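**Student:** No letters, just coordinates:
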């Protein structure tokens, strides 16, 4: 007994010692001895398992050691349940993470900044440890977009052109047969004609095989094209963005869910589409891969943003449905009511609990500005992950299959236009589409507005509950009497405290407008 | 189960000691084997149930990362307000309670019935096969159950509607009929859990003293009489203990099953939304830990009150059956 006790004690001691030994290898000491520091970067996406990422990191780390005496490691928040995973990871205060991918419109950057998840970055710190980044962002005056109470919270991906405005993808060949000149649809309501034609003539296909996830897009599409409402992106209630101003009155907060007849018009159109059989009767419970169905010719329409259209829809449809002539109708196309991407659609923050914030900035500066490092991180190893074609486009080696061979480094927080070549998979008319969008797009007017949500959080939660009950049913035309349903929803939103929330946001908007002069 | 370990043996071990009050240490060393057997369960509950308990404080704060759970500003009951503001509190509580009552009452009755039927089967192989077949659904993931349900019940391609159409009827929009879902959900729950749950009852029947059955046989008791006068009364303590255990979870929903069957279909919320699904929807899109903790706390306190009440009632009726 005594012997075994002694043995157990010895084992425990050994364990304790090895833990101490491990702890001694903390990064701080490593730097003194000249060992490279490992910087961990949190990215969004499914961790690849094809070995290509590791191969790339090996090469990238050689470069990083030369440039910053550091190594890079990636921490993945995977797509399954990513909102919860992401916020819980930040909540945990895990100090092994140094850099955090964030965004103000889809990754809760302001909420997390207010909660103190990010290390405020001083100008001196940026100038010393990320000088190239500092200079480029500063030259364009974009640091202002990232400040909370006067402190820089994150680094914007402000030098990368992308369009993430949503709309319908549809088939030009079918639209032509449905009677549209050149197969081009220019008005939201005209999709009724297109859908009717598909229903009648393509028995295999749903006119728009929509899945439960798309629970408000078509309503938004109608509202954007028929009002001059501008959604305040800083305030969400659940999955919905219920607060808008209008272009004609940009200083008054309201809601297109609460005011006007447009919501009813949109809901009535949706009801018509539902009765026509545009989507599955059980669309609210359907979660199939509708994009694949579009590629397979089993759906006449798909829904997502410009970047998806030029990056993969055109390429896939051309290969999988030859002659389908894929086209894009974007929300607000009729009346020019759509916006350029905000410059904080991607951003990089330093974790508040990071052990090596300075080193993290140095690594970021290399990843963003050093062409060799940039290409390794974003495209992989030349020859195995990508090739450059004779006309200077980024292509893929023989036998490359993007669904299994993707690099998956998911660096969406510091891409640079000058390092991004055109890709062979890009739509041939990509530039034309960009130019057309650019011609009448509006800039989001409230980029620097900060809404204090402390006081209205319970209200927003309650409103989110109400909206999640009514909006999907309105979108899929499931109410027998949409007008009555909308009245009911509006009353419930008022009961939930809509007016108080609106007034509170109004106060913040007024203060902001004053500070803007 | 612990009660079944004969107290006689424990007494036997304690018998030689004197009347002096024994120290905690000597009692621990005396019962070290039993305690060791309990250890995994004790550790489990300490780690997952007791250590996180103080964290419930987050429900009363305006949480921020810098100050942590205990440093963040105290806001009183503000995080509970949204439950009332949303007007959902009553609906969610009612749905959660009614579903669980149905699960518990119907579940236990079916489990007892199934255990008795299994016990009456004479063919050894048939008995084993039946048991295995009824046991299997328990191991099917609820994600698959959701998919199976959709493929059976959906309007456009579902098996049920195909059958109805083939026989000349009009297909039914099941995913739009809120009233149908309590039946569907309860049916799927029972299908999944009854086989598994019946095992405890079956074991209890096996444990009944055989001499009772022999005496009954000599007295000429029929099968029905054997069930009525021997088996059912012997199952009563097990039944009550299991009932009390399940009452402890009466405010907890079978989240996986509900979520996979109903998902985001708002048309069905009226009859299918339970506390868990509602909270989950708010959390995944809202980044709101404090309100979710508030709901969790409400759920736990309500559940705690129900257990105390049930235990109190049981003790009033028959002290031996009470848990504590």
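**Tutor:** Yep, that arrived. Not measured: the values here are computed from a predicted model. Numbering: from 1, shown residues only, chains lettered A, B, ... in the order given.
**Student:** Now for chain B: which helix has the highest residue count?
**Tutor:** Ranked by number of residues, the top helix in chain B under DSSP state H is helix B:89-120.
**Student:** Going by neighbour count, which residues in that helix are buried?
**Tutor:** B:89, B:91-93, B:95-97, B:99-100, B:102-104, B:107-108, B:110-112, B:114-116, B:118-119 (16 or more other C-beta atoms under 10 Å in any protein chain shown). C-beta: built from backbone N, CA, C; applies to glycine.
**Student:** now swap in stretch B:255-266 and tell me
**Tutor:** B:257-266.
**Student:** same deal with stretch A:127-145?
**Tutor:** A:129-130, A:133-134, A:136-137, A:142-143, A:145.
**Student:** Spell out which parts of the stretch 51-200 of chain A neighbour chain B.
**Tutor:** Residues of the stretch 51-200 of chain A lying near chain B by C-beta under 8 Å from any C-beta of the partner chain: A:81, A:83-84, A:87, A:90-91, A:93, A:108, A:111-112, A:114-117.
**Student:** Tell me the one of these nearest residue A:150?
**Tutor:** Closest approach to residue A:150 among these (C-beta to C-beta): residue A:114, at 13.9 Å.
**Student:** picking up where we left off before, from the buried residues of stretch A:127-145, which one has the minimum pLDDT?
**Tutor:** Taken together, these show their lowest pLDDT at residue A:145, with 90.
**Student:** Quick check: the residue of the stretch 151-300 of chain B nearest chain A.
**Tutor:** Of all residues in the stretch 151-300 of chain B, residue B:155 sits closest to chain A, at 3.5 Å by C-beta to the nearest C-beta.
**Student:** That residue: neighbouring residues, count only.
**Tutor:** By other C-beta atoms under 10 Å in any protein chain shown, the residues close to residue B:155 number 18.
**Student:** Next secondary structure after the helix or strand harbouring residue B:27?
**Tutor:** For residue B:27, the host element (DSSP states H and E) is helix B:24-30. Using DSSP H and E, the helix or strand that follows helix B:24-30 in sequence is helix B:32-45.
**Student:** Domain parsing of chain A, as residue ranges.
**Tutor:** Under the assignment automatic domain parsing, the domains of chain A span A:33-161+A:344-405, A:166-340+A:446-516.
**Student:** mind checking the end-to-end distance for the last one?
**Tutor:** From its first residue to its last, domain A:166-340+A:446-516 covers 30 Å (C-alpha to C-alpha, to the nearest Å).
**Student:** State the mean pLDDT of that domain.
**Tutor:** The model assigns domain A:166-340+A:446-516 a mean pLDDT of 92.
**Student:** got it, and stretch A:76-90?
**Tutor:** The average pLDDT within stretch A:76-90 is 82.
**Student:** tell me which residues of it are tucked away?
**Tutor:** Neighbour-count burial for stretch A:76-90, counted by 16+ other C-beta under 10 Å, picks out A:76-77, A:82-87, A:89-90.
**Student:** Out of these, which is nearest to residue A:231?
**Tutor:** Relative to residue A:231, the closest of the buried residues of stretch A:76-90 is residue A:83; by C-beta to C-beta it sits at 19.0 Å.
**Student:** does the closest one belong to a helix or a strand, and which?
**Tutor:** With DSSP H and E as criterion, residue A:83 is part of helix A:82-91.
**Student:** The helix or strand following that helix packs against which elements?
**Tutor:** Sequence order places strand A:99-102 as the next helix or strand after helix A:82-91, per DSSP H and E. Applying 3 or more C-beta pairs under 8 Å, 6 or more residues apart in numbering or on different chains; DSSP states H and E, one finds that strand A:99-102 makes contact with strand A:37-44, strand A:347-350, helix A:357-369.
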